[in-house]
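Colleague: The sequence isn't on hand, but the structure is:
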């Protein structure tokens with residue numbers, strides 16, 4: 001069973017804004033700056049392209065539930081969680097999410113993913129595309145937040 005993910009308004013805005021900003025910076029580097037400092041311009045352009053490419057490759061595309069695994073599909077390096085390793089799964093409200101701080105991850109550019117610290121849940125890994133519809137999955141050694149478009153369906157499917 002496949003569970004779709006879609007970006008929320010903030011992630012769409014941040015993604016669009018960053019791409020426009022990076023495009024303007026790259027455009028500005030191509031002609032005048034490139035003539036004066038080709039190495040610096042090339043490094044800057046490469047860095048901006050790598051940032052966007054990294055975020056695009058590691059963003060969650062969808063979640064797939066099979067008889068044995070919960071798979072978080074990404075363009076690069078899918079994440080597989082064995083169903084037998086899942087201890088609990090439940091919906092988490094915005095209030096229950098409390099204060100969430102990024103410790104090593106992405107907050108808005110193509111989604112919200114990486115390592116985060118949460119005032120109520122503790123340390124967790126997010127593979128999210130929105131700030132609502134949160135589902136908390138706990139294994140023996142990890143807490144994971146997913147944000148499917150239909151969280152109730154995911155919770156019920158894993159629990160059945």
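Modeller: Thanks, I have the structure now. Predicted model, so just to flag it, every value in this text is computed and none were measured.

Colleague: Next, the contact list for the residue minimising distance to the centre of the chain, please.
Modeller: Within the chain, the residue whose C-alpha comes closest to the C-alpha centroid is residue 113; the distance, by CA atoms, centre = their mean, is 3.0 Å. For residue 113, the contact set (CB atoms under 8 Å, 6 or more residues apart in numbering) comprises 58-60, 105-106, 126-128. Backbone N, C-alpha and C define where each C-beta goes, glycine included.

Colleague: Next, count neighbours for the nearest residue to residue 137 once chain neighbours are set aside.
Modeller: Leaving out its chain neighbours, the residue that sits closest to residue 137 by CB to CB, 6 or more residues apart in numbering is residue 144, at 4.5 Å. Residue 144 sits with 20 neighbouring residues when counted by other CB atoms under 10 Å.

Colleague: Which secondary structure element is home to residue 144?
Modeller: Take DSSP states H and E as the rule and residue 144 turns out to sit in strand 143-146.

Colleague: Could you pull out the buried residues of that strand?
Modeller: Of the residues in strand 143-146, 143-146 count as buried by neighbour count, 16 or more other CB atoms under 10 Å.

Colleague: could you say what helices and strands that strand packs with?
Modeller: strand 122-128, strand 134-139 (3 or more CB pairs under 8 Å, 6 or more residues apart in numbering; DSSP states H and E).

Colleague: want to throw these into a markdown table with distance to residue 47?
Modeller: Output for these, formatted as a markdown table (distance: least, CB to CB, whole Å):
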| stretch | distance to residue 47 |
| --- | --- |
| strand 122-128 | 24 |
| strand 134-139 | 32 |
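
Colleague: quick one, which of the ones you listed is nearest to residue 15?
Modeller: Smallest distance to residue 15 across the helices and strands packed on strand 143-146 (CB to CB): 13.7 Å, for strand 122-128.

Colleague: now the helices: where do they sit in this structure?
Modeller: 9-28, 34-36, 38-58, 94-97, 151-159 (DSSP state H).
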